[in-house]
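>>> below is the sequence, then the predicted model.
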Amino acid sequence: LLYQSLVSARGGARYLKFFQRELDRTPTNFEPFASVIVPCRGMDQGLRENLSALFRQDYPRYELIFVADSEDDPALKIVEQLIWGFARELAAADSSGHARVERKRVANVSARIIVAGRAKDCGQKVHNLRATVREVEPACEAFVFVDSDARPRPDWLRSLVAPLADETVGAATGYRWFVPVRGRLASTLRAVWNASIVSALGEDTRRNFCWGGSTAIRRATFERLNVLDEWRGALSDDYALTRALQRARLPIKFVPACLTATHEDCTWRELFEFTTRQLKITRVYAPHLWLIVLVSNLLFCLVFYGGILITSARALRGLPFALPLALIAAIFFLGALKAHLRLRAVAQVLAREGVRLGVGARVAHLSLWMVTSVIYLLNALAAAFSRRITWRGISYELKSHAETVIIAREDETGASHNSSHHSRHD
């Protein structure tokens, strides 16, 4: 475990250098027409601010396509208000004394809504995406996928698409960073838990993965890999896309500038529901990663917390305890060092969004990582015994990476509709 901690801390130093190097890099001028697809279901915290940011991208020309499974989805009311609001802003720009400048700022984007209907044999988000990519503008050269809980900066779209100038790049991706709104313990633990996944993305394009909340891919590459078929029967859009890219040996470029803040709080129930869902999906789509999480966190909990018990017992009995205490202290110090280096890297991006990591957040990331190791272990163990998850009001059973069973749905009143839709795609 001490060796593992040393390697991890060394990786943190490389991570910081990677961020600094990438953020200083001048983006290319590759700015093809992009179709930005935004799956929506329900009301995310800060939804209006999140979606509004998509209308204000510093990008020559792009379209926004918002997709939901029902026209009654409350998120679509926010979308409609934003579309009308920007239409009025465009009209006002036409009649203002600064028409040229103002019109250019708001006229580079068009927006529309698609209602995809209910999924029958795959995840609802995957169903929505499959329906939408068939409806993009003919001029589209790049697909961009973004989640409704992300709040991107104005240069997000340009930064995400820029790596695709190199046609050998399979896809470009960002990732999320949770920013608790009220700073309660459950929300803070989720932020710390999620932070370790951010470290998994970096310079090694062979080990990177696509995050569905912020991914760009050339339309030609998407079609050549036949991603629509890869998505058939799947629950996880990003894992399925990652599998297709890895099979074709196409690199996935992580773009630090596209690390996006997710401003949300969560309850204890939502914390464990979210974290366990991630590990259950991982076990189905990347079982080798799930096994690494299980073994590494089991090792940590046995050695670190077992070491605390041994040290305490020896101290109470008046026996020497300097060696186990020193080992525990070294492991904690190296873990805190890794968290510190990660925070320094991430803070450079978040500062550009006006997000400041206060003292409380920094202390939490430096200390609570050892608590989230316990949560990771519990998540991995839960994934060993169950493949059922609930995601945005829909319950699924994950039979395989290409076989998803929809068990139940919640309607607007909270009632559930049982479903027997079941299919397999080989």
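The structure has been received and is ready for your questions.

>>> counting contacts, what elements does the lengthiest helix in the chain pack onto?
Identified as the longest helix of the chain according to DSSP state H is helix 322-352. The helices and strands touching helix 322-352, judged by 3 or more Cβ pairs under 8 Å, 6 or more residues apart in numbering; DSSP states H and E, are helix 2-24, strand 171-179, helix 185-198, strand 252-263, helix 306-316, helix 359-367, helix 369-385. Using the backbone N, CA and C atoms, a C-beta is placed for each residue, glycine as well.

>>> neighbouring strands of the second one in the sheet, and parallel or not?
With DSSP bridges as the test, strand 171-179 is paired with strand 214-218 (antiparallel), strand 252-263 (parallel).

>>> minimum distance to residue 392: which of the ones you listed has it?
Nearest of the strands paired with strand 171-179 to residue 392, taken as Cβ to Cβ: strand 252-263 at 14.8 Å.

>>> and residue 327, how many neighbours?
17 (other Cβ atoms under 10 Å).

>>> quick one: contacts for it?
Residues near residue 327 by Cβ atoms under 8 Å, 6 or more residues apart in numbering: 2, 307.

>>> and it, what's its pLDDT?
According to the predicted model, the pLDDT of residue 327 comes to 94.

>>> do residue 410 as well
78.

>>> out of the strands paired with strand 171-179, which comes closest to residue 61?
Among the strands paired with strand 171-179, if distance is taken as Cβ to Cβ, the winner is strand 214-218, at 15.1 Å.

>>> next, the angle helix 369-385 makes with the longest helix of the chain.
90 degrees (axes from the mean of the first three to the mean of the last three Cα atoms, to 10 degrees).

>>> buried set for helix 322-352?
324-325, 327-328, 331-332, 334-343, 345-350 (16 or more other Cβ atoms under 10 Å).

>>> ok so, going back, CSV for the strands paired with strand 171-179, including distance to residue 401, mean pLDDT and mean neighbour count?
Supplementary listing: the strands paired with strand 171-179 in CSV, determined by distance: least, Cβ to Cβ, whole Å; pLDDT from 0 to 100; neighbours: other Cβ atoms under 10 Å:
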stretch, distance to residue 401, mean pLDDT, mean neighbour count
strand 214-218, 18, 97, 25
strand 252-263, 18, 94, 24
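
>>> just checking: what are the partner strands of the host helix or strand of residue 144?
Assigned by DSSP states H and E, residue 144 belongs to strand 142-146. Paired neighbours of strand 142-146 in the sheet (DSSP bridges): strand 34-39 (parallel), strand 214-218 (antiparallel).

>>> got TSV for these, with distance to residue 113 too?
Shown next, in TSV, are the strands paired with strand 142-146 (distance: least, Cβ to Cβ, whole Å):
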stretch	distance to residue 113
strand 34-39	10
strand 214-218	21
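
>>> out of those, which comes closest to residue 379?
Short answer: strand 214-218, nearest of the strands paired with strand 142-146 by Cβ to Cβ, at 23.0 Å.

>>> list of residues touching that closest one?
By Cβ under 8 Å, 6+ apart, the list of residues contacting strand 214-218 reads 34, 141-147, 150, 152, 156, 160-161, 163-164, 167, 170-176, 227, 238, 241, 258, 260.

>>> one more: stretch 359-373?
By Cβ under 8 Å, 6+ apart, stretch 359-373 touches 180, 183, 188-189, 191-193, 195-196, 297, 300-301, 304, 332, 335-336, 338-340, 342-343, 357.

>>> tell me the mean pLDDT for it?
pLDDT averaged over stretch 359-373 gives 94.

>>> next one: stretch 113-125
93.

>>> straight-line length of it, end to end?
Start-to-end span of stretch 113-125 (Cα to Cα, to the nearest Å) is 15 Å.
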